[in-house]
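with the input below, show me the fold.
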Amino acid sequence: MVDFPVSLDSLKPVSLTSSLVLFMHLLLLRPGEPNPEKITVVGPADPILALVGEEVEFSCHLWPYLDAQHMEIRWFRSHTSNVVHLYWEQQELLGRQMEAFRNRTKLVKDDITDGSVALQLHSIIPSDEGMYGCRFLSDNFSGEAIWELEVADVFLPGGSRWKSAFVGTMAVLPPLLAVLVALALGLLQKQRRRQEKLKKQAEKRQGKLTVELEKLQTELDWRRAEGQAEWRAAQKYAVDVTLDPTSAHPSLEVSEDGKSVFSRGAPPSPALSDPQGFSEQKCVLSLQRFSAGRHYWEVQVGCSSRWLLGACLAAVPRSRPMRLSPAAGYWVLGLWNGCEYFVLAPRRVALTLRVPPRRVGVFLDYQAGKLSFFNVSDGSHIFTFHDTFSGALCAYFRPRAHDGGEHPDPLTICPLPLKGTCVPEENDSDTWLQPYEPADSSLDPW
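Modelled structure (predicted):
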């Protein structure tokens, strides 16, 4: 179990939002847009304590996590019309701020694509104390969170010219000294009580965080185990898949044994770069046709930075530009520029993978209408299409366009035992490495 340190001497409350972002992100492996009716805005759960002259941070995020780059995000004082800071159309509208907050705020939006933002308020003054809130607003969603800011003074009789005046006053006016001492003691007691309150709040929050992290870890372990069990079951249906050279685009070269394919010739113009799958189908299909039953095969993608794999209808035309979507008869998984895994179902949906796959398993259950992809590098489930197939299917392969290099990376069908457990990868020492990133991805089209 991970130990998250909490400083008990600090007067600033510990923010937990940024700590939860990474762990929650690991669970959001299934694509899809959240229901606007179920989205909430989460802000500080308890009052925030700040000292005069110091800095305070207001953190807010959407739950479940949702890209907020194109939303209006407004921090306000007591009422939404009292603007503390305004973010709109990917810009900060500083001219809309209240005069009291000008040149005192800073927006932290490093995690805004996950729906998490923070506002720093500098040079705290006593009049800053009160109620605050943040509101997220888009075309189909509006929500806000409210919290309280408490401000405390610090009594520090210094060693400057004020000290001399202070000592002279004590000598002349003993009653005033007694009053000042009483005030100092009262402030110290107030600060001590608030420190104890902050300490208890920190301990309580740390306890809650520990419990939540344990739950998240348990859920994550269960999901991994479930995905690996599904992958192991799919391996029992391994089939021998061979490429059909007659179906290959002229720019592709198929090996003599029909197990590998790669692009050849000079790279095309950068204008033909096509992350959405609209360009001419530079692909090759399998000789095998699948119109019933369950079938599993694996493809070695190596460190290639661009590829598409999956299945398509055997009768689908490939001679004209077409979106590679289920509606058009294509069910594919792809990697774009070595950094984004995606499917078109039918819109482009980005996927987050814990380990970059060097080998991809494809499982077709024709009667069930399922086409699943697995990361053989760690045995995890990547994505499953659910559809009704209207004809015989072929395995689909599309390697990256030739980049002018001497050794282009091919897509290779892996040898598998037709029954029993799949053979392991020959070299899995790089399974924790990041995907290969070309020096200039803009010049590396399909």
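
Val362 belongs to a helix?
No: counting by DSSP: H, G, I helix; E, B strand; the rest coil, Val362 is not found in a helix; it is strand.

distance of it relative to Ser260?
Distance from Val362 to Ser260, counting by C-beta to C-beta, to the nearest Å: 16 Å. The C-beta positions use only the backbone N, C-alpha and C, and glycine is treated the same way.

same thing with Phe141?
Distance from Phe141 to Ser260, counting by C-beta to C-beta: 48 Å.

re earlier: Val362 and Ser260: which has the busier surroundings?
Counting neighbours by other C-beta atoms under 10 Å for Val362 and for Ser260 shows that Val362 has the greater number, 23 against 18.

which residues touch the nearest residue to that one once chain neighbours are set aside?
Nearest in space to Val362, with sequence neighbours left out and distances taken as C-beta to C-beta, 6 or more residues apart in numbering, is Trp297 at 5.6 Å. In this structure, Trp297 makes contact with Ala238, Val239, Val241, Gly361, Val362, Ala395, Ile413, Cys414, Leu416, judged by C-beta atoms under 8 Å, 6 or more residues apart in numbering.

the third one in helix, strand or coil?
Which is Val241. When the structure is reduced to helix, strand and coil (three-state DSSP), Val241 reads as coil.

please name the nearest non-neighbouring residue to it.
Using C-beta to C-beta, 6+ apart and skipping residues adjacent in sequence, the residue nearest Val241 is Trp297, 4.4 Å away.

pLDDT value on Ala328, please?
You'll see Ala328 listed with a pLDDT of 87.

swap that for Ser441, sorry
Predicted confidence (pLDDT) for Ser441: 37.

do the same with Arg223
Arg223 is assigned 62 on the pLDDT scale.

and for Glu37?
The model's pLDDT for Glu37 equals 75.

try Gly258
pLDDT for Gly258: 94.

same check, this time on Val52
Val52 carries a pLDDT value of 94.

likewise Arg30?
The per-residue pLDDT of Arg30 was computed as 42.

would you map the helices across the stretch 1-150 of the chain?
Listed from the start of the chain, the stretch 1-150 of the chain has helices (DSSP state H, counting those that start in this stretch) covering 17-27.

just to check, Cys414 is in contact with Gly302?
No: Cys414 is not in contact with Gly302 according to C-beta atoms under 8 Å; the separation is 11.3 Å.

more neighbours: which of the two?
With other C-beta under 10 Å as the criterion, Cys414 and Gly302 differ in neighbour count, and Cys414 comes out ahead with 19 against 16.

show the contacting residues for the more buried one.
The contact partners of Cys414, taken as C-beta under 8 Å, 6+ apart, are Trp297, Glu298, Val299, Gln300, Arg359, Val423.

so which of the residues you listed belong to strands?
Trp297, Glu298, Val299, Gln300, Arg359 (DSSP state E).

burial count for the closest residue to the last one other than its chain neighbours?
Residue nearest to Arg359 in three dimensions, not counting chain neighbours: Val376, with 3.9 Å by C-beta to C-beta, 6+ apart. Each residue near Val376 was counted by other C-beta under 10 Å, and the total is 23.

correct me, but Val376 touches Pro357?
Yes: counting by C-beta under 8 Å, Val376 does reach Pro357; the two are 6.5 Å apart.
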